[in-house]
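**Student:** here are the coordinates; sequence isn't available:
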């Protein structure tokens, strides 16, 4: 087995230490070294070996463990072709070592190795790693009373089996699941029962009990994974034993397991929460088999919720228990709640206490604003007691709508009455009322109006919301101000336009609130208002915004200078939206100065990808809205932007380079030829191979190359830069992940360069494309090839298209048309692409002699049939989803994903804009062709074109008053 040299371990140890350095320079150097080292064989094994070195600092070993997990994540089965895969021999060695190393590692390293093991198992288990589960079962049996080993095994099994919760049902999935059930279901029950007995006999020993309860928690999570798809036979046969033990844990109490800190969840509560999730799963998926146990568990959960405190340490338990009641409330067993006073008791003893503002919520509002907003405003995946309690209300409304609405209308009125008696002291009552009204608003389709079953929205707005927004003191009672702004955001579509316009100055004032939540909510509210559409029209146009532009922009930029808001995503997104929607001519240069100042600080240490994205979107919006209307501003923008852009590129700030390339392309697009020398001098550097090795750069560089080819094709040819451009095309076309970008380049070359310039390269281009077609064709590639050939045909003529392909091999053109063009023409998508391919197909059918020979007549008929299908059938009927498009979701992380700027998008040009209607062109061309050989083509159409398409063609002829003779 390969052993890494001590020198290598020492170097790695130092590098991992430097990755923890606060100073970005040594940190970046170390990260770059590790990236390069990761390309070498044996790197993963070396990092794994470093984890066993007891003399290495714990922080370094933990950093190494995280690095090993990520190394495995990205290189075990790379989705990104830029990364080299770990070789098979090294994989086998890692798999042989990792289980034992994980079981013997300290807890923090153990959790990372457990995750790494789960990642490997996702690709290799069970087919390529048949020894894994037997090895884990053996370790479990041999662990005896050592629960550190037992829990290590269970943690790993839990990580591996989690995949069963997320995968779609398939024959392969069930084979794998059955294998896991056969190997592990019985040992799981055995360890669960045995540990329960140990818990019973160690009730007075908290140090013994805690690892035992951790074991039970892990067993419950594994139970959840193995039962997620459907009820396995083993679990159905042993349901009574499992449910009996679940009941025991729901009612179990032991003060010795309480945590000393109020905000820390006890291991007992974790087990109870896991049990709640398991019985909720059975309630959702195995209702028939579970029904006999339901009344007992409903009583257990009810009793549990009566005792659970409002402490944050009980949050998860309270939420999972409430979710169980919600599931029951929406099921056929909802009559469990149809008892005298049952609904009232649930609402008053469970719902209301859980939606009232707690001290913890106030602390979160003041100390961790981002988390408060994420939980409160955005409906994130993180559940809160408030949200879960409201979901219970919605669940109860399924069968008891009238009773529930009546009760909660009364609760809201009571809370508002309580507030009005003493607003300063009882402000939490109003907060609770506002929360209920917004949280219980019916779910809306984005952009549609929503109402409330609890209050009259207009009246409630006038009496409860408007006074808060009109308050001159933007810093008083900030939670109520945030609630009022959230109300406007929630009901923004329903509020009349004139009312909303009167709110904009108030919302602009709240941008200066000292409360991070208040000014963030205000920015979010304005941004959401600006995207409301009435039909296809934006509700608030530039004219509507004109009176408020100055105060909005001033206050938005001022908000970015408030404490904790220097990188406030909501504020920057709002700036972007205001610049996109408003008339910004008089504010453009001042706004650009402020955005450039922010960027000048930001690029030195990028840390918030979302903020950075909206910053560049804001710059792109400025370019789009200012420079395109006033070309004289382009030079001013370049003077202000280029110094910081040059720094970003010179310092190789890889996170920002794709944005820079896109905005440069946008600036070039706004210029008329010739381009200034600055751009021309930069062009050769853009063709440097190292830039194209980063997948995130490729789309942005392609976008930039297209702009250069469009605006400076003469200079590119004169500087003999066409060959390097075609070299980039060759590199991109050979990968299925980037071939579409290669086509973007070659399409632009054809669109903007004369044939005589390209003629010497055409044979090489066809050879390259047809070689790829022969060796590694995909649906995406074939569609892109048809679009390219169509563009070539309409730009250079069908004769040159046919001749240049026939020069490679006689008869090749007809083969390509028959084998690829005809069957795949109907999969073309996009209005411009469909029109282009239809025009090219028409020219080939009606003007190209090669398709009108007797030998080619069957191909002619099939091509016409495909063309009519393209023109008459909707896209969704003729295009199937493809499996060969790269999955960008797998490329995670700041630097890996290309983030396209919406505001810097390339405007699509119609290469056949002289053709108004492709259908009309087809019938006119067919009529002209048929008139040269009367009787010939109707017979071919009768024989080769499907009846539905014949009817479609006849309709075209009738519409455009043409006849095929």
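**Tutor:** Alright, I've got the coordinates. Quantities reported herein were computed from a predicted structural model and do not represent experimental measurements.

**Student:** Spell out which helix or strand contains the closest residue to residue 311 other than its chain neighbours, please.
**Tutor:** For residue 311, ignoring the flanking residues on the chain, the nearest one in space by Cβ to Cβ, 6 or more residues apart in numbering is residue 262 at 5.2 Å. Any C-beta I mention is one placed from the backbone N, CA and C, and that applies to glycine too. Per DSSP states H and E: residue 262 is located in neither a helix nor a strand.

**Student:** And the strand or helix carrying residue 226, what does it pack against?
**Tutor:** Residue 226 is part of helix 206-227, with elements assigned from DSSP H and E. With contacts taken as 3 or more Cβ pairs under 8 Å, 6 or more residues apart in numbering; DSSP states H and E, helix 206-227 sits against helix 147-161, helix 171-201, helix 233-237, helix 267-285.

**Student:** Swap in 6 Å and give it another go.
**Tutor:** Under the contact criterion of 3 or more Cβ pairs under 6 Å, 6 or more residues apart in numbering; DSSP states H and E, helix 206-227 touches helix 147-161, helix 171-201, helix 267-285.

**Student:** for the shortest one, packing partners?
**Tutor:** Going back to what we said before, that points to helix 147-161. Helix 147-161 packs on helix 107-124, helix 132-142, helix 206-227, going by 3+ Cβ pairs under 6 Å, 6+ apart.

**Student:** try 7 Å
**Tutor:** If contacts are counted by 3 or more Cβ pairs under 7 Å, 6 or more residues apart in numbering; DSSP states H and E, helix 147-161 sits against helix 88-104, helix 107-124, helix 132-142, helix 171-201, helix 206-227.

**Student:** Compile those into CSV and extend it with columns for mean pLDDT and mean neighbour count.
**Tutor:** Below are the helices and strands packed on helix 147-161 laid out as CSV (pLDDT from 0 to 100; neighbours: other Cβ atoms under 10 Å):
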stretch, mean pLDDT, mean neighbour count
helix 88-104, 92, 17
helix 107-124, 91, 20
helix 132-142, 94, 16
helix 171-201, 95, 16
helix 206-227, 97, 21
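
**Student:** Out of the helices and strands packed on helix 206-227, flag the one nearest residue 804.
**Tutor:** Minimum separation from residue 804 across these (Cβ to Cβ) falls at helix 171-201, 46.4 Å.

**Student:** tell me the angle the closest one makes with helix 132-142.
**Tutor:** Orientation note: helix 171-201 sits at an angle of 10 degrees relative to helix 132-142 (axes from the mean of the first three to the mean of the last three Cα atoms, to 10 degrees).

**Student:** Name the next helix or strand downstream of the least confident helix or strand in the chain by mean pLDDT, please.
**Tutor:** The least trusted helix or strand in the chain, going by mean pLDDT, DSSP states H and E, turns out to be helix 875-878, with a mean of 79. For helix 875-878, the following helix or strand on the C-terminal side (DSSP H and E) is helix 918-932.

**Student:** ok now that next one, how far from the chain's centre?
**Tutor:** 47 Å (Cα atoms, centre = their mean, to the nearest Å).

**Student:** Remind me what it packs against, helices and strands.
**Tutor:** Here helix 918-932 touches helix 831-847, helix 857-872, helix 936-944, helix 947-959, going by 3+ Cβ pairs under 7 Å, 6+ apart.

**Student:** For the second one, what is the distance to the chain centroid?
**Tutor:** So the one you mean is helix 857-872. The answer for helix 857-872 is 39 Å, by Cα atoms, centre = their mean.

**Student:** From the rest of the structure, what touches it?
**Tutor:** Contact with helix 857-872 is made by 814, 817-818, 821-822, 825-826, 828, 834, 837-838, 841, 845, 851-852, 878, 918-919, 922, 940-941, 943-946, 949, 952-953, as judged by Cβ atoms under 7 Å, 6 or more residues apart in numbering.

**Student:** switch to 8 Å and redo it
**Tutor:** For helix 857-872, contacts defined as Cβ atoms under 8 Å, 6 or more residues apart in numbering pick out 814, 817-818, 821-823, 825-826, 828, 834, 837-838, 841-842, 844-845, 851-852, 878, 918-919, 922, 940-941, 943-946, 949, 952-953, 956.

**Student:** Just the buried ones from those, in PyMOL syntax?
**Tutor:** Here is the PyMOL command that selects the buried residues among these (16 or more other Cβ atoms under 10 Å):
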select buried, resi 814+817+821+822+825+826+828+834+837+838+841+842+844+845+851+852+878+918+919+922+941+944+945+949+952+953+956
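
**Student:** in stretch 475-483, what counts as buried?
**Tutor:** Residues of stretch 475-483 classed as buried by neighbour count (16+ other Cβ under 10 Å): 477-483.

**Student:** Equivalent analysis for stretch 290-306, please.
**Tutor:** Across stretch 290-306, burial judged by 16+ other Cβ under 10 Å covers 290, 293-294, 297-298, 300-302, 304-305.

**Student:** contact partners of that stretch?
**Tutor:** 239, 243, 246-247, 250-251, 272, 276, 279, 282-283, 317-318, 321-322, 324-325, 328, 333, 336, 349-350.

**Student:** Ok, stretch 372-389 next?
**Tutor:** Counting by Cβ under 8 Å, 6+ apart, 310, 315, 318-319, 322-323, 326, 350-351, 354-355, 361, 364-365, 435, 439, 482, 486, 489, 517, 520-521, 524, 570 sit against stretch 372-389.

**Student:** quick one: contacts for residue 26?
**Tutor:** residue 18.

**Student:** now it: how far from residue 602?
**Tutor:** Between residue 26 and residue 602 the distance is 21 Å, computed by Cβ to Cβ, to the nearest Å.

**Student:** Find the residue closest to residue 532 in space, skipping its chain neighbours.
**Tutor:** Ranked by Cβ to Cβ, 6+ apart and with sequence neighbours excluded, the top spatial neighbour of residue 532 is residue 539, at 4.3 Å.

**Student:** quick revisit: who are the packing partners of the least confident helix or strand of the chain?
**Tutor:** Using 3+ Cβ pairs under 8 Å, 6+ apart: helix 875-878 touches no other helix or strand.

**Student:** Enumerate every residue touching the residue nearest to residue 532.
**Tutor:** 497, 500, 529, 532-533.

**Student:** Let's see which of the buried residues of stretch 475-483 end up in strands.
**Tutor:** Using DSSP state E, no member of the buried residues of stretch 475-483 falls within strands.

**Student:** how about TSV for the residues you listed, with pLDDT and distance to residue 405 added?
**Tutor:** Listed next are those as TSV, based on pLDDT from 0 to 100; distance: Cβ to Cβ, whole Å:
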residue	pLDDT	distance to residue 405
477	96	29
478	97	31
479	97	26
480	97	25
481	98	28
482	97	26
483	96	21
